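S.K.: Next input, structure requested:
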Amino acid sequence: MSDEATVTTDADVVDEAVTPASDADLPAGYVRNEDGSITAHLVYPVADGPREVVLKRLNGRAMVDVMNAKADGDRVKRMVLGSVGMVGPKGEAFFNALDAWDVVLLGEACAGFLPSGRTTGR
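M.R.: Residues are numbered from 1 along each chain as shown. Have a look, this model is predicted:
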C-alpha cells in the first residue's frame, strides 16, 4: 500500500449532475455566451426597460435567497433577479412588469444553471 495521497481534480470527474444544460435546452431567442452566461431576448420587453438581459450563474447569496423562498413563484422571482443581478426597488419593478411568458422562459433558463434535485421516490 502506498503512502502517497491521491489527488482528484475537476478534470478527473465526469458527472452528469455537473454538466450544464445544452444550448438545445434553451428557449428560442436565448444564446449561451462563451463565459457560460445566457443572453435572453425578452418576447415582451418591459416598457422603458431592456429588450434583453444577461443571466449569470447564481452565487451563494442568491442561492440562499432562492432556497429560503416560501413558494415556487417566489423562488422563480429570486432566481431570475439573482441571475440578472437586479436588487431592491429596481429589481422589483422590473420583475413585476415582466410578461408571464418571459417570467416562465427566464425561470427555465435560470434553472438550467442548477443540477437536478434529489429523487424522492414518489
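
S.K.: For the rest of this, base every contact and every neighbour count on C-alpha atoms.
M.R.: Noted.

S.K.: To which secondary structure element is the residue most central in space within the chain assigned?
M.R.: Taking C-alpha atoms, centre = their mean as the criterion, residue 110 is the residue nearest the geometric centre of the chain, at 2.2 Å. According to DSSP states H and E, residue 110 maps onto helix 100-111.

S.K.: Show residues contacting the helix or strand bottoming out on mean pLDDT in the chain.
M.R.: One helix or strand of the chain scores below all others by mean pLDDT, DSSP states H and E: helix 60-68, with a mean of 91. Applying C-alpha atoms under 8 Å, 6 or more residues apart in numbering, the contact partners of helix 60-68 are 74-76, 78-79, 82-83.

S.K.: And that helix, what's buried?
M.R.: Judged by neighbour count using 16 or more other C-alpha atoms under 10 Å, the buried positions of helix 60-68 are 62-63, 66.

S.K.: Counting by contacts, list what the helix holding residue 110 packs against.
M.R.: In terms of contact count using 3 or more C-alpha pairs under 8 Å, 6 or more residues apart in numbering; DSSP states H and E, helix 100-111 is assigned the packing partners helix 72-84.

S.K.: can you state the direction angle for the helix or strand just after the helix it packs on and helix 72-84?
M.R.: For helix 72-84, the following helix or strand on the C-terminal side (DSSP H and E) is helix 88-97. Counting by axes from the mean of the first three to the mean of the last three C-alpha atoms, to 10 degrees, helix 88-97 lies at 120 degrees to helix 72-84.

S.K.: For helix 88-97, what does the pLDDT average out to?
M.R.: Helix 88-97 shows a mean pLDDT of 94.

S.K.: Report the backbone C-alpha coordinates of it in CSV.
M.R.: Provided in CSV are the C-alpha atoms of helix 88-97 (Å, rounded to 0.1, in the frame of the first residue of the first chain):
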residue,chain,number,x,y,z
GLY,A,88,-34.1,46.4,-4.5
PRO,A,89,-36.8,48.6,-6.0
LYS,A,90,-35.3,48.5,-9.5
GLY,A,91,-35.4,44.6,-9.5
GLU,A,92,-38.9,44.5,-8.0
ALA,A,93,-40.2,47.0,-10.6
PHE,A,94,-38.6,45.1,-13.5
PHE,A,95,-39.9,41.7,-12.4
ASN,A,96,-43.4,42.9,-11.6
ALA,A,97,-43.6,44.4,-15.1
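
S.K.: Before I go, just wanted to say thanks for your time.
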